[in-house]
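Engineer: no sequence for this one, just the structure:
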C-alpha cells in the first residue's frame, strides 16, 4: 500500500495492486494518439523452493495487496476493460524461474486473457526469455526475462527490449532490441 500511495502522490498510475481486491483488479486506462488502452496486471506464482509464497500478498475485500491471477477473474476483468477501451494489455507475473519454455499454467492464464479480448499479454517472472505466441488474434510474450537486475549469469543476462505497435485492431507489429545486462545494468548487445 505504501508503494501505491507514494506513486499516486507523484501522479504515477499503478495497476495490479491496491487498497483492496476490487482496486487491485481495476484497469488503468490511458489515451495515446487517439487510441484508448486499458492495462490490467496480475500475479500467479507458485510457492518457491525456499517457501516464499507470493499469494500471501493477495489483496482481499478490505486488505491491500496484489491482484491474484485466476482464469475466471482475468476473463471477467478483460471483458469489462474491453468495453471501456480500444485495446487491452494484460501484464502477468507468472511461470517458473529459469524455465526457457512456458509451463501449462502460463498458457492457460495468457490464453484466457486473449480469449476474453486482450490484444497483448506481456509476461515476467522466469528471469529468462520465453517465446512469443500469436494466439486467437492476440500476441503473448510469455517472459521478457530480466532488464535491470543483478546476481545472474547467462542466460538470464541476455535479454531484449520488446516493442509493439498497437492499433484499434490489436498488435500490428512487434520487435526486439537485443540487450545484455552487465553489473545489473542493461546495454545494447553487440
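Structural biologist: Structure's in. What do you need? Just so you know, these numbers come straight off a predicted model, no measurement behind them. Numbering: from 1, shown residues only.

Engineer: which parts of the top strand by length along the chain are buried?
Structural biologist: Scanning the chain for the longest strand, with DSSP state E as the assignment, gives strand 170-182. Buried positions in strand 170-182, judged by neighbour count with 16 or more other C-beta atoms under 10 Å: 170, 171, 179, 181. C-beta coordinates here come from the backbone N, C-alpha and C atoms, glycine included.

Engineer: other SSEs contacting it?
Structural biologist: When contacts are defined as 3 or more C-beta pairs under 8 Å, 6 or more residues apart in numbering; DSSP states H and E, strand 170-182 sits against strand 138-141, strand 158-167, strand 185-188.

Engineer: reformat these as TSV; add mean pLDDT.
Structural biologist: Shown next, in TSV, are the helices and strands packed on strand 170-182 (pLDDT from 0 to 100):
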stretch	mean pLDDT
strand 138-141	98
strand 158-167	96
strand 185-188	93
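
Engineer: now render these as TSV, adding distance to residue 56.
Structural biologist: Formatted as TSV, the helices and strands packed on strand 170-182 follow (distance: least, C-beta to C-beta, whole Å):
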stretch	distance to residue 56
strand 138-141	27
strand 158-167	29
strand 185-188	31
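
Engineer: nearest residue to the spatially most central residue of the chain other than its sequence neighbours?
Structural biologist: Nearest to the mean C-alpha position of the chain, by C-alpha atoms, centre = their mean, lies residue 91 at 1.9 Å. Excluding its sequence neighbours, the residue lying closest to residue 91 (C-beta to C-beta, 6 or more residues apart in numbering) is residue 41, at 4.0 Å.

Engineer: which other helices and strands contact the host helix or strand of that neighbour?
Structural biologist: Assessed by DSSP states H and E, residue 41 sits inside strand 35-44. Applying 3+ C-beta pairs under 8 Å, 6+ apart, we find strand 35-44 packed against strand 28-32, helix 71-82, strand 87-94, helix 104-115, strand 158-167.

Engineer: now with 6 Å, please.
Structural biologist: When contacts are defined as 3 or more C-beta pairs under 6 Å, 6 or more residues apart in numbering; DSSP states H and E, strand 35-44 sits against strand 28-32, helix 71-82, strand 87-94.

Engineer: one step back: so how many other residues sit close to the residue nearest to residue 91?
Structural biologist: Applying other C-beta atoms under 10 Å, we find 22 residues neighbouring residue 41.

Engineer: next: residue 139.
Structural biologist: Residue 139: 23 surrounding residues under other C-beta under 10 Å.

Engineer: ok, now residue 107?
Structural biologist: Around residue 107 there are 15 other residues, counting by other C-beta under 10 Å.
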